[in-house]
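below is the sequence, then the predicted model.
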Amino acid sequence: MRHDMVTFNAIDVETANADRASICQIGIVHVRDGVVVDRWQSLVDPEDWFDPWNVSIHGIDEKDVRNSPTLPDVRGELRRRLRGSVLVSHTSFDRVAFERAMSRYDLEQLQVTWLDSARIARRAWPERYGRRGYGLKNVAKDLGISFTHHDALEDARAAAELVLRACVVAETDIEYWLRRVTRPIFPSPSGAVLRRDGNVEGALFGETLVFTGALGVARREAADMAAAAGCNVAANVTQKTTLLVVGTQDKSRLNGYDKSSKHRKAESLIGKGADIQILSETDFSELVGAT
C-alpha cells in the first residue's frame, strides 16, 4: 500500500430531531498520508426543535447550542476544510443530512466526493459485515477502535480509523475503495451477484427498509422506489432493519402514543445498539433520488 495515497477527510453529524436537516454538531477529521493530522468540531444551532429521544442519544439540547453558530455561519469553514476532497462518512446519514441542511438554507452543496465507510467495511470484511453488523459501534469494537459513540468528532475519528484499517487489510488506497464500493459485496465466479428483493446494482443494496405511516405516494410506489435503489423492503421492524421511513401518523390509530409501534420498536432497538436510521419521507425521497 502506498501510504501517500491514503489521504481523505472524515465527517460525522448529530441531529436535533428526525429531520436530518437539523444538524446540531459537526466533527471533521483530516487524514494525510495515512495519519490523522487535524481535527475540527463545532456545535451548531439547528434553528429547530430538539426531540428528547435524540437528546438522550447524543446529550445535546437547546441550552448547549444557544450561542453556537448556525450552519450558514460555519459554511466558510466547511468549504475551506473539505472542498475538492474525498469525504468519508459511515452510512449515508451524514451525506443526506448535509444535502437537506444546505437545501434548507439555499446554500451550495459540499463540493466533495462522498465515500461510505460502512460500504468499505462490508467489502473489506464480507464474512463479518457483508450482510449485517456493519454499524460503526460494532465494527469499531471488533477492530479494537476505542471511541465515544454519538459524539460527532469521535464518530468521525472512528470512521477514519476504520478506513485506514481497511486500506491495510486490502493493501490498497482510497482510489481503490472509491471503485470497489460501487460493485457487489459478494461477486460469484461467473460474475453474477447474490439475489435480493432489492436491486443488487442499487447504491443501497443490503439495506433493509420498513415504512410506517401514510406517505405522499402510494406505499407500493414507494416500495418500488426503495427496491430500485437496492433496499430490501420488509413489513415489520426487526434486528435486520436498517432504515425506517416515517410518514404522517394517524393519531386515532396510535393507541395513545405519539409514535407508531414500528417507530417505537426501532427506537428501542437503537437504544440496545442496533444501527437503524429513522427517516422522514422527504429524507427518503432525497436518499433514493440521489442513488
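Cool, got the structure.

okay, now the unreliable bits of the stretch 51-200 of the chain?
Flagging of the stretch 51-200 of the chain using pLDDT under 70 yields the residue ranges 187-196.

which parts of it are helices?
For the stretch 51-200 of the chain, the helices defined by DSSP state H, counting those that start in this stretch cover 52-58, 62-65, 71-82, 93-104, 117-124, 126-129, 136-143, 152-170, 174-180.

how distant is the fifth one from the center of its chain?
Right, the one you point to is helix 117-124. Helix 117-124 sits 13 Å away from the centroid of its parent chain (C-alpha atoms, centre = their mean, to the nearest Å).

who are the packing partners of that helix?
With contacts defined as 3 or more C-beta pairs under 8 Å, 6 or more residues apart in numbering; DSSP states H and E, the packing partners of helix 117-124 are helix 136-143, helix 152-170, helix 174-180. C-beta coordinates here come from the backbone N, C-alpha and C atoms, glycine included.

quick revisit: could you say which of the helices of the stretch 51-200 of the chain is packed most deeply?
Across those, averaging neighbours per residue (mean count of other C-beta atoms under 10 Å) puts helix 117-124 on top, at a mean of 24.

show me the contact partners of that one.
Applying C-beta atoms under 8 Å, 6 or more residues apart in numbering, the external contacts of helix 117-124 come out as 10, 88-91, 129-130, 134-136, 139, 159, 162-163, 165-166, 169-170, 177, 180-181, 183, 185, 206.

how about a cut-off of 7 Å?
Outside helix 117-124, the residues that touch it by C-beta atoms under 7 Å, 6 or more residues apart in numbering are 88-91, 129-130, 134, 139, 159, 162-163, 166, 169-170, 177, 180-181, 185, 206.

just stretch 65-75 next, same as before
Residues from elsewhere that reach stretch 65-75 (C-beta under 7 Å, 6+ apart): Ile23, Cys24, Ser42, Leu43, Val44, Asp45, Glu47, Ala101, Tyr105, Leu107.

quick check on the residues you listed: which are buried?
Using 16 or more other C-beta atoms under 10 Å as the burial test, the contacts of stretch 65-75 include Ile23, Cys24, Ser42, Leu43, Val44, Asp45, Ala101 as buried.

can you redo those as TSV with distance to Ile120?
As requested, these are arranged in TSV below (distance: C-beta to C-beta, whole Å):
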residue	distance to Ile120
Ile23	24
Cys24	27
Ser42	26
Leu43	28
Val44	27
Asp45	32
Ala101	24
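
of those, closest to Arg220?
In terms of C-beta to C-beta, no member of the buried ones among the contacts of stretch 65-75 lies closer to Arg220 than Ala101, at 30.7 Å.

dump the residue contacts of the closest one.
Contacts of Ala101 by C-beta under 7 Å, 6+ apart are Ala21, Ile23, Leu71.

ok, back up a step: so which of the helices of the stretch 51-200 of the chain is nearest Ser285?
When those are compared (using C-beta to C-beta), the closest one is helix 93-104, at 10.4 Å.

mind listing residues that contact stretch 22-30?
Contacts to stretch 22-30, defined as C-beta under 7 Å, 6+ apart, come from residues 9-16, 36-44, 46, 48, 58, 60, 65, 71, 81, 97, 101, 152-153, 155-157, 160.

good, wrapping up.
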